[in-house]
Every structure is written in structure tokens, then in C-alpha cells.
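Participant: Only the shape, not the letters, is given here:
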């Protein structure tokens, strides 16, 4: 169980029973502090109009939201039922993880420099190697397995040992992992590939699961989950779709009507809510082309919409293009970043680790976490 701590305030814990969280002693103490000698006052707090609560909640930051959700059952119900609506409206956060051998403390910090601390379970002897779908990805050095933990919901997923070669450290530097829910395979699937490799591997969660692989004739540059599908870009700018249909998963070539820049090797996917882009770093600047999947064509940087976004880029291969509609000039509010701007392709903010609340979503009907194939 985790205790959530604001470094400039007191202890808070939240309870999301439907997403794997339970009450803690610190939460109970906090709720007792809210009680008054007048029971009618307590009743009035718990019976506030849900629409009013929602209006107040949507103006909160993530940390206030965590505290809000632990006040009482009715407030917690409002928080859970509007979890996705709240999370998709929030700004990216810095993420840092301690290097203690006996435990891993995770710190999330917003642009106001408020910090939230949580202790990550099953982290002894493990190294954080990425972020996907709101989950932190921890790799076990001895078992060579993957343990995924969501720092907000506490949901955990375990994947079996991966057949890395002996020099696993160098391989991990280029490895990317994404998590999807596959109805055809009846469970959560972790997809893994290494940049410039010709193999993409995947496995279901669980102790009895095994890794399976698909080979490509070209070197894989990057892959990305977008609108229910997994896309892959390979050498010579070939676009593929990875179809995880059991028992015959396959790579399907997507034929485009035109050609992007030829022979660019450093292409990486980045997406906004509705658009998929490929970006190419050039020194301290970047260009981007849009992947128009409706017309099946590449759209050059002069005509893309990425200039309207701020691109948040990290060392953990977890990037996003976000429109700063509700927070003007985001690059002036983040201090631990490298910021550079391209006249055609907009702004890019780089940090070692970004955490995107809009990826930390739940399915209130099924209890599953998007994305789903």
C-alpha cells in the first residue's frame, strides 16, 4: 500500500476501490480532521450538489484532486465517475524516481512545483525503463521480467522474463514498450522492440505467459499506439500496422499515396488527440510530417497542425503533442526543461521523464484501462 505525500503539506491518501486502491490510516486521520461537533454540518458536506462538486473539481490541480477524492464516499464517487474528464485536462508533470536499492520513491511534480510522493511496490532490484499508458515500467535485472505500476490507481501488471542477450544494459537504452488491451488475446499485452531491430515481440500479462515475436524485412525505427491500432515506421519510411490477432499476429504494410523525406533514420512518432505525426530531430530543432490515415498520405511540415502544439519529449520514449489551450506559454512554467522552437513545427520541451495525466485513464464500466485494440 502506498502513502501519498505532498512535500509542502501534510499526508494525504486517496481511495479508489474500483481501480485497486484501499483506505489507509493517514486517509482515516485526515477524514477525522474534517469532522465537526455538528453532525448536520458533516451531512451537508457529503450531500453537496454533484454538479457543483464537478465544477469545483475541474478547477483543481492533480494533487488537490487526490485530496478531494479522500474526503467522503460521495466526493470519491464524483472523482471516480469523472476521472477521465479530469485527467485529460491536466498538464504534463515531471517524474523522478529514487535510486535506493531497497525501495523506489516516485515523485510527481506539476508546473507549480508541488510534489506528490508515492512508494512503488515490487521495485527492489528493478530499474525504471519507460512509461506507457500511465504505467511506470520496471525491469528486473535478475529475472529480466517487467513489472508495470500505475502511480495513481496502484494497478499492477506483471510480464514474464524477456530473452535479452547477455549485454542487457545496452539493449535497454534502445528498447521501447507499449501496453494495450487485446480483446482477441483476452488480456493485457506488452509490446516491445529495440530501435533498428527487425523483430517486434509481445506477451500477455501473467506468470504463465510467453513471449512471441514477428519479424520484419526492414529495420524498425519506432512504433506507436494510435486510435485503437499499433503503427510502426521502418527503414525507407515504410508504414506498417501490427495486428495482434490470435493465433496469427501479423505486420500489414500500409500503402501511402505519396512519399515523405527519403532515407531519414531518426523518425519518431508523436501524437495529439486526433493527429499522428512523425518528427525528425535536426540539431536543436525538429521537423514533423503528419500521417494522414484517412487519405493515406504524408503531409509535409508546412501544412501540418503540429505548430499549434507544444511537444513534450523525454528520454523514456514517451512523447506527446499537446495544445496549451488552458495554460498559456507552458515553456515559461517549467524550469527543468530544455526548450527549443522550430518556426514550422512549433515548440519542443524536453526532460528526462514526463508523466502525462491524460494517459492515466480508466474504463468505469469494465474496470479496464485504455487503450484497447
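Facilitator: Nice, thanks for sending it over. Note that the structure is a prediction, hence the values are computed from the model and not measured.
Participant: From here on, just use CA atoms for contacts and neighbour counts.
Facilitator: OK.
Participant: Tell me if I'm right that residue 147 and residue 157 touch.
Facilitator: Yes. The pair residue 147 / residue 157 is scored as a contact, 5.9 Å apart, by Cα atoms under 8 Å.
Participant: what's the burial count for residue 213?
Facilitator: Using other Cα atoms under 10 Å, residue 213 is surrounded by 14 other residues.
Participant: Paired strands for the host helix or strand of it, with orientation please.
Facilitator: In this structure, residue 213 sits in strand 212-215 according to DSSP states H and E. As defined by DSSP bridges, the strand partners of strand 212-215 come to strand 199-204 (antiparallel).
Participant: What mean pLDDT does the strand it pairs with get?
Facilitator: Mean pLDDT, strand 199-204: 94.
Participant: circling back to that earlier point, out of residue 147 and residue 157, which sits in the busier spot?
Facilitator: Set side by side, residue 147 and residue 157 show more neighbours around residue 147, with 23 against 18, by other Cα under 10 Å.
Participant: before we move on, the earlier item: now the strand holding residue 213, how far from the centre of its chain.
Facilitator: Centroid separation between strand 212-215 and its chain, computed with Cα atoms, centre = their mean, to the nearest Å, is 24 Å.
Participant: quick one: contacts of whatever helix or strand comes next after that strand?
Facilitator: For strand 212-215, the following helix or strand on the C-terminal side (DSSP H and E) is strand 220-226. Applying Cα atoms under 8 Å, 6 or more residues apart in numbering, the contact partners of strand 220-226 are 178, 180, 193-199, 230-235, 265-271, 276.
Participant: where does this protein have low pLDDT?
Facilitator: In the predicted model, the chain carries pLDDT under 70 at residues 1-45, 100-103, 166-170, 246, 261-265, 281-286, 301-307, 324-347, 363-373.
Participant: which residue ranges form the helices in it?
Facilitator: Along the chain, counting by DSSP state H, helices occupy 25-34, 39-46, 50-57, 62-68, 73-81, 83-87, 168-172.
Participant: contacting residues around the residue nearest to residue 199 when sequence neighbours are not counted?
Facilitator: With Cα to Cα, 6 or more residues apart in numbering as the criterion, residue 199 has its nearest non-adjacent residue at 4.5 Å, and that residue is residue 215. By Cα under 8 Å, 6+ apart, residue 215 lies in contact with 198, 199, 200.
Participant: distance of the last one from residue 295?
Facilitator: So the one you mean is residue 200. Counting by Cα to Cα, to the nearest Å, the gap from residue 200 to residue 295 is 27 Å.
Participant: Please identify which of these two sits among more neighbours.
Facilitator: residue 200 (20 against 10).
Participant: So that one is in contact with residue 193, correct?
Facilitator: Yes. Judged on Cα under 8 Å, residue 200 makes contact with residue 193 at a distance of 4.7 Å.
Participant: Quick check: end-to-end length of stretch 272-287?
Facilitator: Taking Cα to Cα, stretch 272-287 runs 16 Å from one end to the other.
Participant: Which stretches in the stretch 201-350 of the chain count as strands?
Facilitator: Under the criterion DSSP state E, counting those that start in this stretch, the stretch 201-350 of the chain contains strands at 212-215, 220-226, 229-234, 238-243, 250-254, 267-271, 276-282, 285-292, 297-299, 310-314, 320-322, 338-342, 346-351.
Participant: Adding distance to residue 86, write those strands out as a markdown table.
Facilitator: Listed next are the strands of the stretch 201-350 of the chain as a markdown table, based on distance: least, Cα to Cα, whole Å:
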| stretch | distance to residue 86 |
| --- | --- |
| strand 212-215 | 37 |
| strand 220-226 | 21 |
| strand 229-234 | 25 |
| strand 238-243 | 31 |
| strand 250-254 | 35 |
| strand 267-271 | 20 |
| strand 276-282 | 23 |
| strand 285-292 | 28 |
| strand 297-299 | 32 |
| strand 310-314 | 20 |
| strand 320-322 | 15 |
| strand 338-342 | 27 |
| strand 346-351 | 23 |
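Participant: nearest to residue 50, of the ones you listed?
Facilitator: Of all those, it is strand 320-322 that lies closest to residue 50, at 29.3 Å by Cα to Cα.
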